[in-house]
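A.B. asks: no sequence for this one, just the structure:
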């Protein structure tokens with residue numbers, strides 16, 4: 001049974017933005033993304049994509065696979081592309097939630113734009129703002145805190 005869904009934005013979250021590339025944070029970001037994906041899976045969360053890109057190229061699919069994100073294993077609706085505005089990102093989260101049949105509060109968005117995370121929260125989803133242009137070790141630590149809290153709440157109420 002799926003506990004929830006970790007939804008990853010691509011550019012500036014999983015894939016480094018220009019600032020992060022210039023600061024040499026690409027390889028550190030790759031390690032952090034792998035750690036976060038592993039953490040999600042360890043807590044029974046599936047993985048999904050919600051991106052402003054109009055499509056995900058085969059090159060990006062391969063890179064995502066190297067990071068532990070396998071798009072071919074995702075159900076229909078788990079990959080939302082062309083989501084430019086915060087409102088459309090929230091609609092994408094709704095489609096992802098339906099694809100995995102989980103409650104809204106068990107869907108967490110990882111996004112580099114704070115307005116997208118804020119909109120996710122306004123719509124009942126969890127969200128983590130990724131600062132600095134690519135996921136970092138600090139984000140992984142915060143994610144661990146999130147999963148520990150959610151796991152504890154589920155144990156209390158389950």
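C.D. replies: Structure received. These numbers were taken from a predicted model, which means no experiment stands behind them. Residues are numbered from 1 along each chain as shown.
A.B. asks: just the element for residue 32, please.
C.D. replies: Taking DSSP states H and E as the definition, one finds residue 32 inside helix 26-42.
A.B. asks: which strands and helices sit next to the following helix or strand past that helix?
C.D. replies: Using DSSP H and E, the helix or strand that follows helix 26-42 towards the C-terminus is strand 45-50. Using 3 or more C-beta pairs under 8 Å, 6 or more residues apart in numbering; DSSP states H and E, the elements in contact with strand 45-50 are strand 4-8, helix 26-42, strand 79-80, helix 86-100, strand 107-111. Bear in mind the C-beta positions are built from the backbone N, C-alpha and C, glycine included.
A.B. asks: mean pLDDT added to those, as JSON lines?
C.D. replies: Output for the helices and strands packed on strand 45-50, formatted as JSON lines (pLDDT from 0 to 100):
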{"stretch": "strand 4-8", "mean pLDDT": "96"}
{"stretch": "helix 26-42", "mean pLDDT": "85"}
{"stretch": "strand 79-80", "mean pLDDT": "97"}
{"stretch": "helix 86-100", "mean pLDDT": "96"}
{"stretch": "strand 107-111", "mean pLDDT": "96"}
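A.B. asks: for residue 147, which of the ones you listed is the nearest?
C.D. replies: Residue 147 lies closest to helix 26-42 among these, at 6.3 Å (C-beta to C-beta).
A.B. asks: need the residues that contact that closest one.
C.D. replies: Applying C-beta atoms under 8 Å, 6 or more residues apart in numbering, the set of residues contacting helix 26-42 from outside is 6, 8, 14, 16, 20, 46-47, 66-69, 110, 134-137, 139-140, 143-144, 147.
A.B. asks: name the helix or strand of the protein that has the lowest mean pLDDT.
C.D. replies: helix 18-22 (a mean of 59; mean pLDDT, DSSP states H and E).
A.B. asks: related to what we said a few turns ago, quick check: angle from the helix holding residue 32 to strand 45-50?
C.D. replies: Counting by axes from the mean of the first three to the mean of the last three C-alpha atoms, to 10 degrees, helix 26-42 lies at 130 degrees to strand 45-50.
A.B. asks: so which bits of helix 26-42 are buried?
C.D. replies: For helix 26-42, the neighbour count (16 or more other C-beta atoms under 10 Å) marks 28-30, 32-37, 39-40 as buried.
A.B. asks: I'm done for today, thanks for sticking with me.
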